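# I would like to see how this sequence folds:
(chains A and B, ligands or ions: 4)
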Amino acid sequence: METATFRIWRGNADGGEFKEYSTEITDGMVVLDAVLQIQAAAANDLAVRWNCKAGKCGSCSAEVNGNPRLMCMTRMDTVPTDQPVAIEPMQTFPSIRDLVTDVSWNFTVKQGIPPFTPRPADAPDGTWRMQQRDVNRVQEFRKCIECFLCQDVCHVLRDHRKHDEFIGPRFLVYAAALEMHPLDVADRVEELAEADGIGYCNITKCCTKVCPEEITITDNAIIPLKERVVDRLYDPISKLLRMFR
Amino acid sequence: MDYQTHEHDVLVIGAGGAGLRAAIEASTAGVSVGLVCKSLLGKAHTVMAEGGMAASLGNVDDRDAWSVHFADTMRGGQYMSNARMAELHAKEAPDRVRELEAWGAVFDRTPDGRILQRNFGGHKYPRLAHVGDRTGLEMIRTLQDHGIHQGIDVHMECTVLTLLKDGERVIGAFAYDRERGRFQVFHARAVVLATGGIGKAFRITSNSWEYTGDGHALAYDAGADLIDMEFVQFHPTGMVWPPSVRGILVTEGVRGEGGVLKNKDGHRFMFDDIPDLYKNQTADNEEEGWRYTQGDKEARRPPELLTRDHVARCIVREVREGRGSEHGGVYLDIAWIKERLSNGAEYIKKKLPSMYHQFKQLASIDITAEAMEVGPTTHYVMGGVRVDADTQMSSVPGLFAAGECAGGLHGANRLGGNSLSDLLVFGKRAGEYAAIFAKEHDAGAVNTDQVDTVAQRALEPFAREGEGPYKVQQELQGRMQDLVGIVRQDGEMRQALDEIAKLRERADRVAVIGNREYNAGWHTALDLPHLMTVSEAVTRAAFERQESRGAHFREDHLGKDEAWAKVNLIIRKVGDGSMQVVHEPVPELPTELAKIVEDNR
Ligand SMILES: Cc1cc2nc3c(=O)[nH]c(=O)nc-3n(C[C@H](O)[C@H](O)[C@H](O)COP(=O)(O)OP(=O)(O)OC[C@H]3O[C@@H](n4cnc5c(N)ncnc54)[C@H](O)[C@@H]3O)c2cc1C
Ligand code: SF4
Ligand code: SF4
Ligand code: FES
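Ligands and ions are numbered 1, 2, ... in the order given. Model prediction:
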């Protein structure tokens, strides 16, 4: 059996430091297993979020050797262990303790987006008709497990701290799921441009790269939303753009 | 001591499908609602549900009707279910599913644009509304995104330690927030428990750290009856390899889409033993089974889609008799459908995307090319707080329960897909009747002595020296797995009771390090008493029931016993604080329901 060393960030909003722990690595183990093993043996009070251990709940987000990852879906055999493995909390959100961050901002942002508003039912029994091909895109967006890794990696939030002006890729995906929902009749275009700050996104695609659900955040959600904004609010420019296509 | 106090008309404990649905309903009824949960919003167990939710919409096969769903549920539960609950569930599930669509859920579609339904074990017709294999995510997100606009006060990462009583009535709850470890008093006119299950009492489980049976134990300690606690569902297909993923669920949807079970000799052993109750509904050859999964209405279902208790036992038999897979399971093969479908690999990825992902990433297996290794895993508890079928009120006034922590609907064995629909149907009812109760009653008085005592006890582990909580938890899980697992017998369960008593003493003495801020060790220490209570309840009830029925299998009492068919076991705390097992007659079926059962034999 192999032993690996981990440097886990321990601390809270007032500051902290990396502490070293060693634990045994067995076949097929993921980073979260190692962290929980350390917690059970050497650091009972280590703070870490997790629930499903299968990439379904989006609780165990952290930065493993600087890469934003779900710890439960990161196999130890993909992480080099000749050096200590560094595990830190997401950097875009304030620290609560150890690997746990304060993600409440995300819940506040979502509340501000106008909710789903369906058109009247299609059939007398109160139901609707939708074709599978018309919902495929929305279903892609609805795979989101709210791990907030995309928020963590987006430079507008991470480096420029525009939390008050930009809702971030997760909520652009959320807005896109509502805007492209075949039944929804609400209009969110003006908000996207103003309150939601879609203009801050300069399409670096970092969010798409980290999304564990493989949602094509930038191409499928953000760019079409930007086009709607442009079409509606800056029409002459959009005409120009189309001319050059 | 210092507490923060919150006033609500209705307090809902738990934010899975049942809790969210209850909170939405209560709030719609015009009362103020507080919702507390141990994790963040949207992370409850419900998010993990894969296969779908059962409702006789009849979109794929219009022969389906509530009466057939009712009869299937009763048969699946080996006629131990509360028939009134099974009736309400079957009748109301379709409306609850359609309501989700009205709130924004996007289910997979039929060719004519309606909600698609898939086959699942024990359901006669394709009945499970689904979204690929992530139905629970769709459900919890829909309820969450709808709920946040209803004016509900959500208290996330807050764990309830005890229920508060004023005389006979429950009037609130006492909790701590995980972030800072501050104590919270929730004062309410009615309380709804929606805390989910008890899977963390066992070593191999599909359940998360949250499943420590809190709601069951809180209700029990408040004097409420628990029912059917001997019935714990071991899902036949959990992952078995590598060791770190052992227990993680492999959805029954794999078998619904045509996946087959084989032993190490490549033999489809499920054809070897088909129970009499299901003989005339089950295919007797592979060809017919395949046609069923492809929607042929004349065909009968393949034996892989028999009820979970039976499939799990067949797997145990194969492994015990030396025909298991390399790592002690059996093989589940969906890749074979490529022989029948030219686009087989694509089909698998479209229908079972998260299974494809899960095996690829966690086990380095491509399920479109290779078989999976699977074996039983602790999954669901049929038993729970005994409630009135219509109102979901427990035997204690002002205390309601819904979802997995309530008992009665599923009897001796739950059918797949019947939980998600249960959450919606009875979550709604619990919210509705809790709101009525709240309107009809004033706020009771909080007993500050009770609160102080609980708070003091909760802080004691910090002052102690000695063993930590994880070791005790792991030992309990090991003992329950080995002694009260899928195959049970008298002597082992006696031993289990002894050991639980000793572990309970150790649990009362555990020490924790660090401070009150988000301290996982402390939280685990505080969960331990609940885990002990539910472990003891399961063991006592299982020890008492001297027959094999549904999920409860006794190798010293093989087969069903007619006398036991008429008995539900009730667990109750008596005056001296000890746990009592009481026999109660299974309620008689009213004639019209009895006729439905007969017509569907
Ligand atoms: C992997 C998996 C797949 C499944 N697939 C299906 C399926 O396809 N179809 C189906 O019908 N069923 C399925 N099930 C079963 C079903 O998902 C669960 O039974 C159901 O989601 C339970 O819902 P609930 O609302 O009762 O509880 P949960 O969703 O578990 O929610 C419990 C809530 O209570 C809170 N809580 C618990 N204790 C406390 C406390 N002390 N204080 C405060 N809050 C507390 C938790 O934090 C959580 O918010 C599956 C289960 C698993 C594990
Ligand atoms: S593409 Fe836009 S949203 Fe995504 S990371 Fe880059 S700037 Fe942020
Ligand atoms: S879009 Fe992807 S990365 Fe962002 S929160 Fe959702 S699942 Fe996570
Ligand atoms: S624990 Fe659920 S995504 Fe990692």
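
# quick check: the residue of chain B nearest ligand 1.
Relative to ligand 1, the nearest point of chain B is residue B:16 (1.8 Å; C-beta to the nearest ligand atom). For glycine as for every other residue, the C-beta is placed from the backbone atoms N, C-alpha and C.

# residues contacting that residue?
B:37, B:44-46, B:140, B:194, B:196, B:403-404, B:423 (C-beta atoms under 8 Å, 6 or more residues apart in numbering or on different chains).

# would you mind giving these as a markdown table with distance to ligand 3 added?
Output for these, formatted as a markdown table (distance: C-beta to the nearest ligand atom, whole Å):
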| residue | distance to ligand 3 |
| --- | --- |
| B:37 | 19 |
| B:44 | 17 |
| B:45 | 19 |
| B:46 | 17 |
| B:140 | 14 |
| B:194 | 25 |
| B:196 | 23 |
| B:403 | 26 |
| B:404 | 26 |
| B:423 | 23 |
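
# in helices, which of those fall?
Per DSSP state H, helices hold the following members of the contacts of residue B:16: B:140, B:423.

# how about residue 170, secondary structure?
The chain I'm using is chain A. helix (DSSP: H, G, I helix; E, B strand; the rest coil).

# was after chain B, sorry
strand.

# again with the one 5 residues further on
What three-state DSSP gives for residue B:175 is strand.

# hmm, residue B:77 is touching residue B:549, no?
No. Shown here, residue B:77 and residue B:549 do not form a contact pair, counting by C-beta atoms under 8 Å, at 9.6 Å.

# and the two? which has more neighbours close in?
Using other C-beta atoms under 10 Å in any protein chain shown, the more surrounded residue of residue B:77 and residue B:549 is residue B:77, with 29 against 24.

# which residue packs closest to that one, ignoring adjacent ones?
Distance criterion C-beta to C-beta, 6 or more residues apart in numbering or on different chains; nearest residue to residue B:77, sequence neighbours excluded, is residue B:411 at 2.5 Å.

# quick one: contacts of stretch A:152-161?
Stretch A:152-161 is touched from outside by A:61, A:63, A:68, A:90-93, A:151, A:162-163, A:166, A:168-169, A:197, A:200-201, A:204, A:206-207, A:209-210, with contacts defined as C-beta under 8 Å, 6+ apart.

# in strands, which of the residues you listed appear?
A:61, A:63, A:68 (DSSP state E).

# now those residues in TSV, please, with extra columns for distance to chain B, neighbour count and pLDDT.
Shown next, in TSV, are the ones in strands among the contacts of stretch A:152-161 (distance: C-beta to the nearest C-beta, whole Å; neighbours: other C-beta atoms under 10 Å in any protein chain shown; pLDDT from 0 to 100):
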residue	distance to chain B	neighbour count	pLDDT
A:61	11	27	98
A:63	18	20	98
A:68	16	26	97
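
# could I get the contacting residues of the most centrally placed residue in chain A?
Among the residues of chain A, the one closest to the centroid is residue A:148, at 2.9 Å (C-alpha atoms, centre = their mean). Shown in contact with residue A:148 (C-beta under 8 Å, 6+ apart): A:58, A:61, A:90, A:92-93, A:103, A:106, A:170.

# quick one: the strands in the stretch 251-400 of chain B?
Along the stretch 251-400 of chain B, counting by DSSP state E, counting those that start in this stretch, strands occupy B:260-262, B:330-333, B:372-381, B:384-386, B:399-401.

# sorry, wrong one. I was asking about the stretch 501-601 of chain B.
Using DSSP E, counting those that start in this stretch, strands in the stretch 501-601 of chain B cover B:567-573, B:579-585.

# again, but for the stretch 101-250 of chain B
Using DSSP E, counting those that start in this stretch, the strands of the stretch 101-250 of chain B run over B:117-118, B:128-129, B:153-155, B:158-166, B:169-177, B:183-193, B:226-227, B:232-239.

# ok so, going back, closest to ligand 4 out of the contacts of residue A:148?
Ligand 4 has its nearest neighbour among the contacts of residue A:148 in residue A:58, at 5.1 Å by C-beta to the nearest ligand atom.

# in terms of contact, does that closest one touch residue A:72 like I think?
No. Between residue A:58 and residue A:72 there is no contact under C-beta under 8 Å: 9.9 Å.

# anything in contact with each of these two?
By C-beta under 8 Å, 6+ apart, no residue touches both residue A:58 and residue A:72.

# between these two, which is the more surrounded one?
Between residue A:58 and residue A:72, residue A:72 has the larger neighbour count (other C-beta under 10 Å), namely 29 against 25.

# hmm, residue A:48 and that one touching each other?
No. Taking contacts as C-beta under 8 Å, residue A:72 lies outside contact range of residue A:48: 10.7 Å.

# who touches both of these two?
Shared contacts of residue A:72 and residue A:48 (C-beta under 8 Å, 6+ apart): A:32, A:60.

# right, and residue B:78 touches residue B:564 too?
No. Taking contacts as C-beta under 8 Å, residue B:78 lies outside contact range of residue B:564: 10.1 Å.

# show me the common contact partners of the two, please.
Common neighbours of residue B:78 and residue B:564, using C-beta under 8 Å, 6+ apart, are residue B:549.

# could you pull out the helices in chain A for me?
Listed in chain order, the helices of chain A (DSSP H) span A:31-41, A:104-111, A:132-141, A:149-153, A:155-158, A:168-179, A:189-193, A:206-210, A:223-233, A:235-243.

# how distant is the shortest one from the center of its chain?
Just to be clear, that refers to helix A:155-158. For helix A:155-158, the gap between its own C-alpha mean and the chain's C-alpha mean amounts to 13 Å (C-alpha atoms, centre = their mean, to the nearest Å).

# and ligand 3, is it touching that?
No. Under the criterion of C-beta under 6 Å from any ligand atom, helix A:155-158 makes no contact with ligand 3; the nearest approach is 11.8 Å.

# what's the average pLDDT for that helix?
Mean pLDDT, helix A:155-158: 97.

# CA atoms of that helix as CSV?
What follows is helix A:155-158, C-alpha atoms only, in CSV (Å, rounded to 0.1, in the frame of the first residue of the first chain):
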residue,chain,number,x,y,z
HIS,A,155,-11.9,35.9,-13.4
VAL,A,156,-14.6,38.5,-13.2
LEU,A,157,-15.5,37.1,-9.8
ARG,A,158,-12.2,35.6,-8.7
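
# now chain A against chain B: closest residue?
Nearest residue of chain A to chain B, counting by C-beta to the nearest C-beta: residue A:28, 2.3 Å away.

# which of the contacts of residue A:148 sit farthest apart?
By the measure C-beta to C-beta, A:58 and A:92 form the most distant pair in the contacts of residue A:148, at 14.8 Å.

# can you list the strands of the stretch 251-400 of chain B in CSV and add mean pLDDT and mean neighbour count?
Shown next, in CSV, are those (pLDDT from 0 to 100; neighbours: other C-beta atoms under 10 Å in any protein chain shown):
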stretch, mean pLDDT, mean neighbour count
strand B:260-262, 97, 23
strand B:330-333, 97, 23
strand B:372-381, 96, 26
strand B:384-386, 98, 28
strand B:399-401, 98, 31
